[in-house]
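K.L.:
okay, structure incoming, though there's no sequence with it:
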């Protein structure tokens, strides 16, 4: 997997197709270290399966919202686009963690914080030495045609 690739968990694909999430569900990106590396085949992926970086400096537990389900999943002319106008950013701070490896996209409204996908950050990323921004592709995070 290359740095910056977004990989959807296999179970989240099934959940999307069965209508498992509500339009108002808040989707977030949490930053995690390399204690547990995500894999697409994880049986029931959830944010709790991973270790978030320390809540200090500019990072708060739970990460950053990228929008509600209905605002990030759009269908037009038979193509479904998963996208967000929010590129999650954490400003440099001396108190930030120094070992960011993964961005976990998950449903914060879901009681179990079900995870949708992950992005490799090319870690370890030292958030105390510089800002961390996940910039989504201009064509969207993902498309389904």
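P.N.:
Noted; the coordinates are in hand. Just so we're clear, the structure is a prediction, and the values are computed from it rather than from any experiment.

K.L.:
longest helix of the protein?
P.N.:
Longest helix of the chain, by residue count under DSSP state H: helix 10-17.

K.L.:
contacts for the helix or strand following that one next, please.
P.N.:
Per DSSP states H and E, the first helix or strand lying C-terminal to helix 10-17 is strand 26-32. Strand 26-32 is contacted from outside by 47, 50-53, 59, 62-69, 72, 84, 88, 90, 97, 100-109, 116, 119, 121, 127, 132, 134, using CB atoms under 8 Å, 6 or more residues apart in numbering. Every C-beta, even on glycine, is put in place using the N, C-alpha and C of the backbone.

K.L.:
re the thing from before, residues of the longest helix of the chain that come out buried?
P.N.:
11-12, 15-16 (16 or more other CB atoms under 10 Å).

K.L.:
now stretch 80-100
P.N.:
Neighbour counts over stretch 80-100 (16+ other CB under 10 Å) mark 81-84, 86, 88, 90, 96-97, 99-100 as buried.

K.L.:
between those, which sits nearest residue 36?
P.N.:
residue 99 (12.9 Å; CB to CB).

K.L.:
Provide the secondary structure category for the closest residue in space to the closest one that isn't next to it in sequence.
P.N.:
Counting by CB to CB, 6 or more residues apart in numbering, residue 99 lies nearest to residue 124, which is 4.2 Å off, once chain neighbours are set aside. On the three-state scheme (DSSP: H, G, I helix; E, B strand; the rest coil), residue 124 is labelled strand.

K.L.:
quick one, what contacts residue 124?
P.N.:
By CB under 8 Å, 6+ apart, the contact list for residue 124 reads 33-34, 98-101.

K.L.:
middle-most residue in this structure, spatially?
P.N.:
The residue lying closest to the centre of the chain (CA atoms, centre = their mean) is residue 105, at 2.2 Å.

K.L.:
ok so, going back, with pLDDT added, can I get the buried residues of stretch 80-100 in a markdown table?
P.N.:
Below are the buried residues of stretch 80-100 laid out as a markdown table (pLDDT from 0 to 100):
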| residue | pLDDT |
| --- | --- |
| 81 | 91 |
| 82 | 91 |
| 83 | 94 |
| 84 | 96 |
| 86 | 95 |
| 88 | 96 |
| 90 | 97 |
| 96 | 95 |
| 97 | 94 |
| 99 | 95 |
| 100 | 96 |
